[in-house]
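A.B. asks: Below: sequence and its predicted model.
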Amino acid sequence: MRGRTLVTFDVDGTLIRSCGPDANRLHLEAFERAFREVFGLQTGIHVVDHQGGTDPLLLLKVLEHHGADTADFMEWLPAAQAAMCAHVAEGGAFGIEILPGVASLLEALQERTDVVFGLVTGNLQPIGWRKMEILGVLQHFPEPRMGGFGSDYCSGDTANMTADRGELIRIARRRADEVYEDIGAHVHVGDTPFDLGAAKMAGARALGVATGKYSVGELEAHLGEGEVLPDLCNLSRVLSAFGLGNNTLYD
């Protein structure tokens with residue numbers, strides 16, 4: 001028996017993108033609320049380079065920008081994360097949209113018995129799933145919904161974003177193994193070199209997609225084992241990249 005393939009998806013830039021005048025507004029406002037209510041700062045993640053960061057590391061990176069010793073604030077991260085999640089739960093303008101091909105891909109994966117899939121994202125878990133819900137694709141993810149999220153782990157090392165993402169991929173794999181006894185290959189899908197590097201660190205095969213800031217060539221330059229596609233629109237090509245055939249059953 002070959003076993004099921006585990007596929008984990010990054011969220012921002014891979015499954016969804018920011019759009020319109022309110023681009024990613026609710027998530028950005030959630031950070032601002034956390035800084036205001038927990039740390040007494042009127043600031044946001046716009047003051048730092050936030051590419052590739054997990055939500056907890058970005059909280060710390062902004063505090064560093066304002067001269068704080070982040071070691072003193074690690075214990076405050078749960079309160080800051082709670083403030084962020086409360087803000088998103090209250091609703092507002094999300095400023096996001098699903099990327100082309102994603103809904104069809106998730107629907108196709110939902111019909112298969114040879115694959116298990118979830119999220120690996122720097123988003124806090126409630127925020128990541130809320131984005132899937134608001135965009136109408138949450139129901140495609142198998143129960144129990146699983147993955148690795150920014151709220152699951154924070155090393156405190158703001159200089160090495162890739163390492164935390166690698167740990168999130170490992171967490172997702174462990175969770176899948178706890179539910180399914182027959183997980184075989186693991187493919188992680190992402191749009192940045194951070195995602196590709198994290199996949200390599202965690203022993204997963206990488207599938208890069210040039211749907212964010214980086215081109216196919218730029219992603220290929222950072223690729224270990226795996227490949228890069230321009231997007232997730234060509235279903236048969238994506239399934240092939242996952243190592244899945246046309247048969248929905250596994251043997």
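C.D. replies: Sure thing, it's come through.
A.B. asks: could you pull out the strands for the stretch 51-200 of the chain?
C.D. replies: Using DSSP state E, counting those that start in this stretch, the strands of the stretch 51-200 of the chain run over 96-98, 115-121, 147-149, 183-190.
A.B. asks: Relative to Trp76, how far out is Phe194?
C.D. replies: 25 Å (C-beta to C-beta, to the nearest Å). For every residue, glycine as well, the C-beta is placed using N, CA and C.
A.B. asks: who's more crowded, those two?
C.D. replies: Taking neighbours as other C-beta atoms under 10 Å, Phe194 and Trp76 compare with Phe194 leading, 24 against 16.
A.B. asks: what about this structure, any weak spots by pLDDT?
C.D. replies: Low-confidence segments of the chain (pLDDT under 70): 1-2, 246-251.
A.B. asks: distance of the residue positioned nearest the centre of the chain from Val137?
C.D. replies: Residue closest to the average C-alpha location in the chain (C-alpha atoms, centre = their mean): Thr121, at 2.0 Å. Separation of Thr121 from Val137 (C-beta to C-beta): 14 Å.
A.B. asks: What of Ala83?
C.D. replies: Noted for Ala83: a distance of 26 Å to Val137, by C-beta to C-beta.
A.B. asks: got it, and Val102?
C.D. replies: 7 Å.
A.B. asks: got it, and Leu168?
C.D. replies: From Leu168 to Val137 the distance is 20 Å (C-beta to C-beta).
A.B. asks: So those two - more neighbours on which side?
C.D. replies: Between Leu168 and Val137, counting by other C-beta under 10 Å, Leu168 is the more crowded of the two (26 against 19).
A.B. asks: which residue packs closest to Asp231, ignoring adjacent ones?
C.D. replies: Thr211 (5.2 Å; C-beta to C-beta, 6 or more residues apart in numbering).
A.B. asks: Give me the distance between that neighbour and Val228.
C.D. replies: Look at Thr211 and Val228: by C-beta to C-beta, they are 11 Å apart.
A.B. asks: same check, this time on Ala83
C.D. replies: Distance, Ala83 to Val228, by C-beta to C-beta: 37 Å.
A.B. asks: dump the residue contacts of the residue lying closest to Arg175 once chain neighbours are set aside.
C.D. replies: Counting by C-beta to C-beta, 6+ apart, the nearest residue to Arg175 once its immediate chain neighbours are dropped is Met146, at 4.6 Å. Taking C-beta atoms under 8 Å, 6 or more residues apart in numbering as the contact definition, Met146 lies against Val116, Gly118, Ala172, Arg175, Ala176, Val179.
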